[in-house]
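A.B. asks: The following comprises the amino acid sequence and a computationally predicted model.
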Amino acid sequence: MQDEAPKDELAGEEPSSRSQFLKIAGGTGAAGALALFIAACGGDDEKSSGSGSTETEKMSSGSAKSDLEIVNYALTLEYLEVAFYQAAIDSGEVKTKAIGEVAKTIVADEIAHVEALKATAKQLGGTPAAKPKTNFDEVLAGGEKKILETAATVENLGAAAYLGQAPRIKSKEVLAAALAIHSVEGRHAAVLNNVTGKTIVPDGAFAKPADMATVLKAVKPFIKA
């Protein structure tokens, strides 16, 4: 998400939202812990005879580009989550010690997700999305209660965003990696739902996905022009 990108582009409609997202994110791309995970997911059956190529390496350029766009979409959402939790912790508005510790645990997870997605994008042959500029002043002004409610909303949205993209991911290696992150986002959401007095399963027995246009529109207020 480049600073000069107009904010209303975030609310673009599917199916063109992926291309709009790339303009906002500043290109395509992402190396580290998840690279090992992807390699493990590949297994020996992913290798061609004597070539050592994995499924990701054998994907068509079109499929790789599509997955790259999704990875950068997820990366930008993770950037937002990291920025939010760091801002909340730094604000001093989180007064409850136990909640502060939970926030520190969650932000550490989100930082790991950022590094993992950057690694994945690089492995797919691209460049990681640019980190967007964010503004959470209105949320922070609402104190601990507002921060917790927003955190729950953000985590539920993040889990729904990963689920929404799962059917569109071409590489089963990248899909497995995305689902590994999605599971953690869901656990974050359950904890925060509980803390804010909501059910831990707001969608019931089956989680509901959210498409890219819906998610980007929801995070639009947190992006600085």
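C.D. replies: Done, it's in. Numbering: from 1, shown residues only.

A.B. asks: Quick one: the helices in this structure, in order.
C.D. replies: In order along the chain, the chain carries the following helices (DSSP state H): 17-25, 33-42, 55-58, 61-91, 97-123, 137-141, 143-165, 172-195, 212-219.

A.B. asks: per-stretch mean pLDDT over those, give me the minimum one.
C.D. replies: Per-stretch mean pLDDT for those is lowest at helix 33-42 (a mean of 41).

A.B. asks: neighbours around Lys145, how many?
C.D. replies: By the measure other C-beta atoms under 10 Å, the count of residues near Lys145 is 10. The way it works is simple: take the backbone N, C-alpha and C, and place the C-beta from them, glycine included.

A.B. asks: where's it relative to Gly100, distance?
C.D. replies: For Lys145, the distance to Gly100 (C-beta to C-beta, to the nearest Å) stands at 14 Å.

A.B. asks: tally of neighbours for Ser66?
C.D. replies: So Ser66, with other C-beta under 10 Å, has 18 neighbours.

A.B. asks: how far away is it from Lys224?
C.D. replies: Counting by C-beta to C-beta, the separation of Ser66 from Lys224 is 29 Å.

A.B. asks: check contacts around the closest residue in space to Gln165 that isn't next to it in sequence.
C.D. replies: Excluding its sequence neighbours, the residue lying closest to Gln165 (C-beta to C-beta, 6 or more residues apart in numbering) is Ile70, at 4.9 Å. Going by C-beta atoms under 8 Å, 6 or more residues apart in numbering, Ile70 touches Arg18, Gln165, Arg168, Ile169, Val174, Ala178.

A.B. asks: Ile70 and Glu93: what is the separation?
C.D. replies: Taking C-beta to C-beta, one finds Ile70 at 34 Å from Glu93.

A.B. asks: Repeat that for Ala190.
C.D. replies: 23 Å.

A.B. asks: Kindly report the same for Ser61.
C.D. replies: For Ser61, the distance to Glu93 - C-beta to C-beta - is 47 Å.

A.B. asks: These two: who's more crowded?
C.D. replies: Taking neighbours as other C-beta under 10 Å, Ser61 and Glu93 compare with Glu93 leading, 17 against 8.

A.B. asks: wouldn't that one be in contact with Glu144 here?
C.D. replies: Yes: counting by C-beta atoms under 8 Å, Glu93 touches Glu144, with 5.6 Å between them.
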